[in-house]
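J.: Predicted coordinates and the sequence they were generated for:
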Amino acid sequence: MKKKTILSVLAILLIAGGFICWKLFGPAVSAPEKKYFYIHTGDSYETIKTNLAAEKIINGEFWFNLVAKKLDYPKMVKAGRYEIKNSMSIFNLVRMLRAGNQSPVNLVITKLRTKEELAKKIAANFECDSLSMISFLNNEDSLKKYNLDSNTIMTAVIPNTYSILWNTAPAKIFKKLYNDQQKFWNDERKQKAAALNLTPQQVYTMASIVEEETVMDADRGNVASVYINRLRKGQRLEADPTIKFALRNFALQRIRDSHKQAAANSPYNTYFNAGLPPGPICTPSVKSIDAVLNAPSTNYIFFVAKPDWSRLSNFTDDYEVHKINARNYQHFLDSVNIK
C-alpha cells in the first residue's frame with residue numbers, strides 16, 4: 001500500500017512538474033506576425049505586466065510574474081520596441097525583455113522638403129515626439145559641433161534606410177544620420193566637389209534644386225550643368241522650386257511674378273538673391289547628388305520643359321531660342337488648363 005501511495009505521489013509530482021515546465025517553457029505567448037510590444041522610458045514593471053495582459057500577449061499575469069521575479073526583471077526594466085513571436089515561452093519573453101533585446105526600427109528616408117517633415121517622420125517611428133526633434137534641429141548650439149546650422153542641417157540627411165533603436169533620443173538619431181552622411185562623402189566625391197569649387201554642403205544644396213526640377217535621369221546632368229554655369233558666370237540661379245520652398249507651397253505648378261514678389265524677403269528666393277540658397281530645399285536622391293558631381297561640361301544657361309507629357313526639357317545657351325521654347329511650353333500649359 002505504501003509503495004502505491006509513493007508511486008501516486010511521484011506521479012502527481014511529475015504531472016505537476018510537467019505542467020509547470022510547460023507553463024514556463026512551453027508555447028504560451030499569443031501574437032500575430034510582426035507584433036511589437038513597446039515599453040516607454042519610465043514605465044514601471046507593474047505597467048509592463050498590465051499592458052502585456054491587456055494586449056493579450058500573455059494569458060493572465062501569474063506565470064509571467066513568477067518568472068520575472070525569479071530573474072529579477074522588475075529591477076531591470078529596459079525601454080524599447082520588442083518583437084513578440086507567437087508561441088514563444090514565458091521564460092523566453094521575460095529573458096528578452098530583461099536583456100533589452102530590441103528590434104530596431106528601419107527608418108526609410110526618401111525625399112523630404114523641410115525639417116518639420118523630418119521631425120514628423122521620426123516622431124511617427126520613434127518614442128521621441130516631433131517637438132523634441134524639431135527643437136534639436138533648430139538648436140544652433142547643438143548643431144555647431146557638426147559645422148551645421150538650422151539652414152544647412154538637412155544636408156546631413158542622405159536618403160537611405162537607417163536601422164535605429166525605437167527609444168533613441170533625438171540627438172543620437174541625428175548623430176546616426178550624420179555619421180552615415182560622413183561615410184557617403186568619400187574621398188572621390190569630396191575631390192569632385194572641390195573640382196567644382198563647391199563644398200559638399202553646396203553640392204547637396206544644388207542637388208536639391210536639381211531633384212525638384214526633374215524626375216528624368218536623362219536630364220539630371222544637364223540641369224546640374226545649367227546651374228553650375230550660372231553660378232560660374234555670377235548669374236542668379238532663378239530656380240522656380242526655390243520659390244515654392246520660400247512660400248512653403250509645394251503644390252504650385254506655374255511660378256508667376258506674383259509668387260516671386262510674395263517671396264521677396266526670403267533668402268531662398270533665387271530670383272532676387274545671388275548664389276545658392278542658404279540650405280537645401282529637399283533631401284535629394286543620390287542620383288541628383290552624383291548628377292551635380294558628374295555634370296557634363298556644357299554651355300547651357302537655359303532650360304524649360306518640352307511642350308508635351310515627356311517630362312524632358314529643352315536646353316540651350318541662346319536666350320532667343322530659350323524664349324521660343326518657353327513660349328511653346330506656356331502655350332502647352334494653357335492648352336491643358338494648368339494654372
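T.: Yep, that arrived. Numbering: from 1, shown residues only.

J.: after the least confident helix or strand in the chain by mean pLDDT, next one along is what?
T.: Ranked by mean pLDDT, DSSP states H and E, the weakest helix or strand in the chain is helix 2-25, scoring a mean of 47. Counting by DSSP states H and E, the next helix or strand C-terminal to helix 2-25 is strand 35-39.

J.: Pull out the buried positions in the following helix or strand past that next one.
T.: The first helix or strand that comes after strand 35-39 along the chain, using DSSP H and E, is helix 45-54. Neighbour-count burial for helix 45-54, with 16 or more other Cβ atoms under 10 Å as criterion, is recorded at 45, 48-49, 51-52. Where C-beta positions appear, they are placed from N, C-alpha and C, glycine not excepted.

J.: Make JSON lines from those residues and add pLDDT and distance to Arg232 to it.
T.: Output for the buried residues of helix 45-54, formatted as JSON lines (pLDDT from 0 to 100; distance: Cβ to Cβ, whole Å):
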{"residue": "Tyr45", "pLDDT": "95", "distance to Arg232": "65"}
{"residue": "Ile48", "pLDDT": "94", "distance to Arg232": "61"}
{"residue": "Lys49", "pLDDT": "91", "distance to Arg232": "67"}
{"residue": "Asn51", "pLDDT": "93", "distance to Arg232": "61"}
{"residue": "Leu52", "pLDDT": "92", "distance to Arg232": "64"}
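
J.: List just the nearest of the residues you listed to Lys144.
T.: Checking those against Lys144 by Cβ to Cβ gives Ile48 as the nearest, at 39.2 Å.

J.: Quick check: beta-bridge partners of the nearest residue to that closest one once chain neighbours are set aside?
T.: With Cβ to Cβ, 6 or more residues apart in numbering as the measure, Ile39 is the residue that lies nearest to Ile48, at 5.9 Å, once sequence neighbours are left out. Using DSSP bridges, the bridge partners assigned to Ile39 are Gly80.

J.: tell me the strands in this protein, going along the chain?
T.: 35-39, 80-84, 105-109, 160-164, 302-305, 313-316 (DSSP state E).

J.: Tell me what angle the third one forms with strand 160-164.
T.: Read that as strand 105-109. Per axes from the mean of the first three to the mean of the last three Cα atoms, to 10 degrees, the angle that strand 105-109 makes with strand 160-164 is 150 degrees.

J.: Over strand 105-109, what's the mean pLDDT, rounded is fine.
T.: When pLDDT is averaged along strand 105-109, the result is 96.

J.: Need the residues that contact stretch 227-243.
T.: 196, 206, 209-210, 212-213, 252, 255, 259-260, 263, 268-277, 281, 292, 295, 298-301 (Cβ atoms under 8 Å, 6 or more residues apart in numbering).

J.: Of all the residues in that stretch, which ones are buried?
T.: For stretch 227-243, the neighbour count (16+ other Cβ under 10 Å) marks 227-231, 237-243 as buried.

J.: Tell me how far the closest residue to Asn51 other than its chain neighbours lies from Ile48.
T.: Excluding its sequence neighbours, the residue lying closest to Asn51 (Cβ to Cβ, 6+ apart) is Phe37, at 7.5 Å. Distance of Phe37 to Ile48, computed by Cβ to Cβ, to the nearest Å: 9 Å.

J.: now swap in Pro278 and tell me
T.: 47 Å.

J.: for Ser208, same thing?
T.: Distance from Ser208 to Ile48, by Cβ to Cβ: 44 Å.

J.: now do Phe315
T.: In terms of Cβ to Cβ, Phe315 sits 62 Å off from Ile48.

J.: go on, Asn229?
T.: With Cβ to Cβ as the criterion, Asn229 and Ile48 are 61 Å apart.

J.: Nearest to the spatial middle of this protein, which residue is it?
T.: Ile109 (3.1 Å; Cα atoms, centre = their mean).

J.: possible to save the buried residues of helix 45-54 as a markdown table with distance to Ile173?
T.: Output for the buried residues of helix 45-54, formatted as a markdown table (distance: Cβ to Cβ, whole Å):
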| residue | distance to Ile173 |
| --- | --- |
| Tyr45 | 27 |
| Ile48 | 24 |
| Lys49 | 29 |
| Asn51 | 25 |
| Leu52 | 27 |
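
J.: ok, those vs Gln102, which is closest?
T.: So of the buried residues of helix 45-54, ranked by how close each gets to Gln102 (Cβ to Cβ), first place is Ile48, at 14.1 Å.

J.: pretty sure the closest one is touching Val77, no?
T.: Yes - Ile48 is within contact range of Val77, at 6.5 Å (criterion: Cβ atoms under 8 Å).

J.: Could you tell me which residues touch both of those two?
T.: Going by Cβ under 8 Å, 6+ apart, residues that sit against Ile48 and also against Val77 are 39, 97.

J.: got the residue ranges for the helices in the stretch 201-339 of the chain?
T.: Here the stretch 201-339 of the chain has its helices, by DSSP state H, counting those that start in this stretch, at 217-233, 240-247, 257-262, 286-293, 319-335.

J.: For the last one, what is the distance to the chain centroid?
T.: Counting by Cα atoms, centre = their mean, to the nearest Å, helix 319-335 is centred 38 Å from the centre of its parent chain.

J.: Who are the packing partners of it?
T.: Helix 319-335 is packed against strand 302-305, strand 313-316, with contacts defined by 3 or more Cβ pairs under 8 Å, 6 or more residues apart in numbering; DSSP states H and E.

J.: Understood, closing this out.
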